[in-house]
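A.B. asks: The following block contains a protein sequence and its predicted model.
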Amino acid sequence: MNEKNIKFIQGNEVCVEAALYAGLNFFAGYPITPSTEIAEHLSVRLPQIGGRFLQMEDEIASICAIIGASLTGNKVMTATSGPGFSLMQEALGYAVMAEIPCVIVNVQRGGPSTGNPTHVSQGDVNQARWGTHGDHAIIALTASNHQDVFSVTVDAFNLAETYRTPVILLFDEIIGHMRERLVIPEKGELPVVERLRTSVKRGVDYHPYLPREDGRLPMSDFGGIHRYNVTGLFHDMWGFPSSDPAVVHGLLRHLVDKIMNNENAIARYKEYFLEDARTVFVSYGSSARSALHVVKNRRARGESLGLLELQTLWPFPAQIVREKCAKATSIIVVEMNMGQVLQQVKMAVDKPENVYLANSIDGALITPTDIRNIMRLIRGMGV
Amino acid sequence: MATKDYIRERFFPHMWCPGCGHGIVLNGLIRAVEQLGIDKSNIVMVSGIGCSSRISGYLDFHTLHTVHGRALAFATGIKMSRPELNVIVPMGDGDALAIGGNHFIHAARRNIDMTAIIMNNRIYGMTGGQYSPLSGYGTLATTAPYTNIDHSFDIVELAKAAGATFVARTTTYHAQQLPDIIKEAITHKGFSVVEILSQCPTYFGRKNKEGGAVEMMERMKDNTTPIGSKAKQENQSLIERGIFIKKDMPEYCSEYGKIIERAMKGK
């Protein structure tokens, strides 16, 4: 192993390293705690490789700029936190509708509103799913440690290209600011999906919104040989606005199906001691670190605990959650909000009455002690 | 090339009302591009939302019809990633200066090389005639039934103050001057702003008893005058038209090109 590839850095820097590994060459953003280090590092790194870094006038402009840059053929990203993520929602929907690959990082702080900027929360899970208006599907990924932050960030770019969609990286303040060891993979070690470009030649009619048989839509760079229209209105295969009910129905179905029909292919998760676990924790992000600590600690005492750590939050991997929790007598969702993933788990499993919430909403990391105390309450043992 | 070679016939008939000024702007734009001889594939047109913003779809360029007010932000991403492309951003007065006002002043401040065309008909037409930041004090609109108490921006003064390096104004009445000004704006290296006074007989004209399209255009003839004319000295209420500012300043993409050079050298 090349020692230069071993780093001891913040999660936000890991995200930067991984984005560059995945081929990022355009970033636009606006300073906001706790994501700002992503912008700072990219302002140094991107011009070094001939890429572009832009600090825009706000988060709305930031996401709009990356969508524009993606259309010209670049891999693009922006990074923000709750308030900025709220501002981005309209343009996020535009990227969904116009099918423009892009990656949006939300390093979560406490909310609502300005909330708790320098403290941890996982309160934006449902916003990531439903923040923009209208029916749609979305992909959102998360991670609990730096090696995984690296791989899910690369994955985010790959999924954005594969499905022509915005992908949200839903990290949290602890992951963003914590320092730990990272080994940067060698080039080629992780797969990198390049943009699928059309093979239609100059002068031949190119249909930007006509899916191939496999559902994918090859792109043509703006400024290239094919001139076409892109709009946030419902549109036909040429990208021309249409309110024809058949066109509207077909497009909405396509936008949702291309993601929801691939729930399992998009699902990323890790499992610990699930084979014989009677109590299964379902957790993600920095909460999963505490949950894993409890699992290992109690395993040593002979308790049959396990952890299902979700890395894909949307589309929610309901089938996997159901299978992995099938043998459990109790399922405890560990998260730092008021039960956003809890609701999804309840819908996914056979016996929702066996699903409990172990949470914290005070801006402090949920600790193994917090989880153990809540377990005692669930078991009727008192604190 | 003939005019029809610049339009997408599949998109027609257009959705503008009879007498709308936006078709004259479309015509002027096509003439400007034709006279400059720019390859259609080297033009990206980015627009927002509103009657004016539909202009992009009618033209056979790379066209991006975005969300309300943010066209300049999308355009900034395109221009920064492909500086060799000509980027033209047609906007309405509400699109550019109400919801998009912040992006407008910041694009001007950066002096990024693109052409912002503001089709100012002083009203929100697509939603049915509400007052815009350009309607003016004392006008009537569906949301100003007792008269408008909002004062207008002066687009030229705003653009100049924000740092635009090319600022011009003309009207749909002055259809001969229009392509000449657009040509100069497109060839100018830096952020160019062209305000085109346009008429909305359906809403602004009807609400404010300004008559039909012909009367509204005659009013533009009567109410405007070339910059620095004798008429202006005698009547300060006249609106000047022409090129107010054209100056060389460091352009944003070129400046970032220098940043890339420095970063690559490790300085």
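C.D. replies: Structure's in. What do you need?
A.B. asks: contacts and neighbour counts: CA atoms only from here.
C.D. replies: Noted.
A.B. asks: Check the stretch 51-200 of chain A for the residue nearest chain B and tell me.
C.D. replies: A:A65 (3.9 Å; Cα to the nearest Cα).
A.B. asks: okay but that residue is in contact with B:F74, surely?
C.D. replies: Yes - using Cα atoms under 8 Å, A:A65 makes contact with B:F74 at a distance of 4.5 Å.
A.B. asks: Contacts only, for B:G242.
C.D. replies: Counting by Cα atoms under 8 Å, 6 or more residues apart in numbering or on different chains, B:G242 touches B:168-170, B:181, B:226-227.
A.B. asks: Which one (most neighbours) among those?
C.D. replies: Counting neighbours by other Cα atoms under 10 Å in any protein chain shown, B:T170 leads the contacts of B:G242 with 28 neighbours.
A.B. asks: List phi and psi for B:Y58.
C.D. replies: The phi/psi pair for B:Y58 (degrees, to the nearest 10) reads phi -80, psi -10.
A.B. asks: does it really touch B:M15, like I thought?
C.D. replies: No - using Cα under 8 Å, B:Y58 is not in contact with B:M15; the gap is 10.2 Å.
A.B. asks: who has more neighbours, A:A65 and B:F74?
C.D. replies: Higher neighbour count among A:A65 and B:F74: A:A65, with 32 against 29, using other Cα under 10 Å.
A.B. asks: Give me the pLDDT value at that one.
C.D. replies: A:A65 is assigned 98 on the pLDDT scale.
A.B. asks: Tell me how many other residues surround the residue nearest to it when sequence neighbours are not counted.
C.D. replies: Nearest residue to A:A65 in three dimensions, chain neighbours excluded: B:G77, at 3.9 Å (Cα to Cα, 6 or more residues apart in numbering or on different chains). By the criterion of other Cα under 10 Å, B:G77 has 29 neighbours.
A.B. asks: thinking B:G77 is in contact with A:G68, fair?
C.D. replies: Yes - between B:G77 and A:G68 there is a contact under Cα under 8 Å: 4.8 Å.
A.B. asks: about what we covered before: just to be sure, the residue nearest to A:A65 is in a helix?
C.D. replies: Yes - B:G77: assigned to a helix according to DSSP: H, G, I helix; E, B strand; the rest coil.
A.B. asks: show me what contacts it?
C.D. replies: Counting by Cα under 8 Å, 6+ apart, B:G77 makes contact with A:64-69.
A.B. asks: coming back round to it: quick check on the residue of the stretch 51-200 of chain A closest to chain B: phi, psi?
C.D. replies: phi -60, psi -40.
A.B. asks: residue ranges of the helices in the stretch 51-200 of chain B, please?
C.D. replies: B:55-58, B:71-81, B:93-97, B:101-110, B:155-162, B:177-187 (DSSP state H, counting those that start in this stretch).
A.B. asks: for chain A, same thing?
C.D. replies: Along chain A, counting by DSSP state H, helices occupy A:11-22, A:36-48, A:59-71, A:82-87, A:89-98, A:125-130, A:146-163, A:173-177, A:245-260, A:263-266, A:285-299, A:318-324, A:340-348, A:368-378.
A.B. asks: May I have the residues that are in contact with the nearest residue to B:T171 once chain neighbours are set aside?
C.D. replies: Once flanking residues are discounted, B:T171 sits nearest to B:L197: 4.4 Å by Cα to Cα, 6+ apart. Each residue near B:L197 by Cα under 8 Å, 6+ apart is listed here: B:119-121, B:169-172, B:220.
A.B. asks: Quick check: which ranges of the chain have low pLDDT?
C.D. replies: Here I'm looking at chain A. Applying pLDDT under 70 to chain A flags residues A:1.
A.B. asks: Hmm, no, I was thinking of chain B.
C.D. replies: Low-confidence segments of chain B (pLDDT under 70): B:267.
A.B. asks: How about the residues of it by chain A?
C.D. replies: Proximity of chain B to chain A, by Cα under 8 Å from any Cα of the partner chain, involves residues B:11, B:41-44, B:57, B:60-67, B:70, B:73-82, B:85, B:102-103, B:106, B:259-261, B:263-264, B:266.
A.B. asks: Kindly recompute the last result at 6 Å.
C.D. replies: B:42, B:61-66, B:73-74, B:76-78, B:81, B:260, B:263-264 (Cα under 6 Å from any Cα of the partner chain).
A.B. asks: among these, which two are most distant?
C.D. replies: B:H65 and B:M264 (35.3 Å; Cα to Cα).
A.B. asks: which of those two has more neighbours?
C.D. replies: Using other Cα under 10 Å, the more surrounded residue of B:H65 and B:M264 is B:H65, with 25 against 15.
A.B. asks: quick one: contacts for the more buried one?
C.D. replies: A:230-231, B:46-48 (Cα atoms under 6 Å, 6 or more residues apart in numbering or on different chains).
A.B. asks: let's see 10 Å
C.D. replies: Residues in contact with B:H65 (Cα atoms under 10 Å, 6 or more residues apart in numbering or on different chains) are A:98, A:229-233, A:240-241, B:45-49, B:53-57, B:71, B:74.
A.B. asks: One more: A:T198?
C.D. replies: By Cα under 10 Å, 6+ apart, the contact list for A:T198 reads A:206-208, A:217-221, A:226.
A.B. asks: returning to that earlier point: right, so of the helices of chain A, which gets closest to B:V33?
C.D. replies: Closest among the helices of chain A, using Cα to Cα: helix A:59-71, at 22.4 Å.
A.B. asks: Can you list the buried residues in the closest one?
C.D. replies: By neighbour count on 16 or more other Cα atoms under 10 Å in any protein chain shown, the buried set for helix A:59-71 is A:59-71.
A.B. asks: same deal with stretch A:260-278?
C.D. replies: Those would be A:260, A:263-264, A:266-269, A:271-274, A:277-278, for stretch A:260-278 by 16+ other Cα under 10 Å.
A.B. asks: Show me which pair in those is furthest apart.
C.D. replies: Pairwise distances across the buried residues of stretch A:260-278 (Cα to Cα) peak at 29.9 Å, for the pair A:M260 and A:R278.
A.B. asks: Show me where the stretch 101-250 of chain B has its strands.
C.D. replies: Taking DSSP state E, counting those that start in this stretch, the strands of the stretch 101-250 of chain B run over residues B:114-120, B:123-124, B:130-131, B:166-171, B:191-197, B:224-226, B:239-246.
A.B. asks: thinking again about what came up before, give me the more crowded residue out of B:Y58 and B:M15.
C.D. replies: With neighbours defined as other Cα under 10 Å, B:Y58 and B:M15 compare such that B:Y58 has more, 20 against 10.
A.B. asks: Can you name the residues that contact A:L42?
C.D. replies: A:13, A:16-17, A:19-20, A:24-28, A:48, A:51-54.
A.B. asks: tally of neighbours for the residue in the stretch 251-383 of chain A that chain B sits nearest to?
C.D. replies: Minimum separation of the stretch 251-383 of chain A from chain B (Cα to the nearest Cα) falls at A:L251, amounting to 17.4 Å. For A:L251, the count of nearby residues is 18 (other Cα under 10 Å).
A.B. asks: Settle this for me: it is touching A:D135, isn't it.
C.D. replies: No - taking contacts as Cα atoms under 10 Å, A:L251 lies outside contact range of A:D135: 11.3 Å.
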